[in-house]
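Undergrad: Model the following, please.
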Amino acid sequence: MGLIYLDNAATSWPKPRCTVQAMARALEESGANPGRAGHRLSLEAGRIVERCRQALADMLGETDASRVAFAQNATDALNMAIHGAVRTGDHVVSTLIEHNSVLRPLSELARSGVITLTLVPPDADGRMDAREIERALTARTRLVAMTHTSNVLGLEQDVAAVGAVCRRRGVLFLVDAAQTAGHLPLEPKKWGCTMLAMPGHKGLLGPHGTGALWVADGVTLAPLRQGQPVSFRRFDCHSLTLLPPVAVAPSPLAVVEGSYSLHPELAPMYDITVCLTLSPELQRRRILARNGEEMARRFFERWIPLEQAYFDAMKPQTRCSFLIKADQLSDEAPL
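TA: Predicted coordinates for the structure are as follows:
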């Protein structure tokens, strides 16, 4: 039975054969970290990245490929642009036809008091009027964020008219090209954009986890990801309670330890991952020695089966940088 796929606005499928072949070739022949070393595989991976960056710049009519930054998808790129552009006390203008990837970060910034936000409605036909956008601008407006084409309405908006307003008023202009990249010509410089976000997995027919943000010359964004102090609470297995929060300051090296620290949602945050396995017999002896008979019984009857189910489902040992098998260690050897 054949399949008719009608969800290309979410992600394109099936991917063309050239995409599959390029992904397989990269994984099999040059899957090293780009820009992290001087060996052949790392250099080749770096060249692939830069060729892709240049291709995106060419598509956008940009002569300086360094103005293109890679992202995980359009949502990530939009968050990079929004959080990187606005400052406390700024006013932002957007529209009621935006995707949640724009509305949610803006709404949260407004809710927390960082910005004030004005959302302009479309006309009866679903089109945005540049004159209404301009009427919403104030002396404190720093950013206008607008979709090129809504994923709900499918109408191409007149971003050039809005860009002309923003250029005349000295306001940053962010265009969400999630639905048009790969389908329609993108001309951010001609439109008067200062930023344009796009995914790689929709009209550009790339894999998931790819996107890009173009930033005009002269525009500098604060980094979205930076070393910020965080805190966590340890779970005390003896008292079965959470201990008081422990603050962790940014540092060149941060070590995260725990059975669930290699969860797929956390894995992209690490530079190096290590998984240590040991035999059930050695595990049992160590738990008994550390926790005693009564607490060990809870481990064996409740926590170990749950933990094993997690390992069976997520298979962290297959996705780590290093796998250490500790089966041959003595009971006294440190782990």
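Undergrad: what distance separates stretch 79-95 from the middle of the whole chain?
TA: 18 Å (CA atoms, centre = their mean, to the nearest Å).
Undergrad: and it, what's its mean pLDDT?
TA: Taken as a whole, stretch 79-95 has an average pLDDT of 96.
Undergrad: ends of it, how far apart?
TA: Across stretch 79-95, the terminal residues are separated by 16 Å (CA to CA, to the nearest Å).
Undergrad: Please tell me the pLDDT value assigned to the residue lying farthest from the centre of the chain.
TA: Distance from the C-alpha centroid of the chain, by CA atoms, centre = their mean, peaks at residue 293 (45.0 Å). We have a pLDDT of 84 for residue 293.
Undergrad: quick one: secondary structure of it?
TA: Classification of residue 293 using DSSP: H, G, I helix; E, B strand; the rest coil returns helix.
Undergrad: Roughly how far does it sit from residue 300?
TA: Noted for residue 293: a distance of 10 Å to residue 300, by CB to CB, to the nearest Å. Yep, even glycine has a C-beta here, placed from its N, CA and C like the rest.
Undergrad: rewinding a little: and the residue farthest from the centre of the chain, how close does it get to residue 284?
TA: 12 Å.
Undergrad: Repeat that for residue 191.
TA: 66 Å.
Undergrad: Pick out whichever of the two has more residues nearby.
TA: residue 191 (20 against 14; other CB atoms under 10 Å).
Undergrad: Residue 87 and residue 142 touch, don't they?
TA: Yes: in this structure, residue 87 is within contact of residue 142 by CB atoms under 8 Å, at 7.1 Å.
Undergrad: which of those two has more neighbours?
TA: With neighbours defined as other CB under 10 Å, residue 87 and residue 142 compare such that residue 142 has more, 17 against 9.
Undergrad: now the more buried one, what's its secondary structure?
TA: Classified using three-state DSSP, residue 142 is strand.
Undergrad: Leaving out chain neighbours, which residue sits closest to it?
TA: residue 90 (4.1 Å; CB to CB, 6 or more residues apart in numbering).
Undergrad: Could you list which residues are in contact with the one you found?
TA: 114, 115, 116, 140, 141, 142, 143 (CB atoms under 8 Å, 6 or more residues apart in numbering).
Undergrad: Whichever of the residues you listed end up buried, select them in ChimeraX.
TA: Restricted to buried positions by 16 or more other CB atoms under 10 Å, the ChimeraX selection for the contacts of residue 90 reads:
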select :114,115,141,142,143
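Undergrad: Pick out the most distant pair among the contacts of residue 90.
TA: 114 and 141 (14.4 Å; CB to CB).
Undergrad: need the contacts of residue 90 in JSON lines with pLDDT and distance to residue 289, can you?
TA: Putting the contacts of residue 90 into JSON lines (pLDDT from 0 to 100; distance: CB to CB, whole Å) gives the following:
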{"residue": "114", "pLDDT": "95", "distance to residue 289": "52"}
{"residue": "115", "pLDDT": "96", "distance to residue 289": "56"}
{"residue": "116", "pLDDT": "97", "distance to residue 289": "60"}
{"residue": "140", "pLDDT": "97", "distance to residue 289": "64"}
{"residue": "141", "pLDDT": "97", "distance to residue 289": "65"}
{"residue": "142", "pLDDT": "97", "distance to residue 289": "61"}
{"residue": "143", "pLDDT": "98", "distance to residue 289": "59"}
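Undergrad: All good on my end, thank you.
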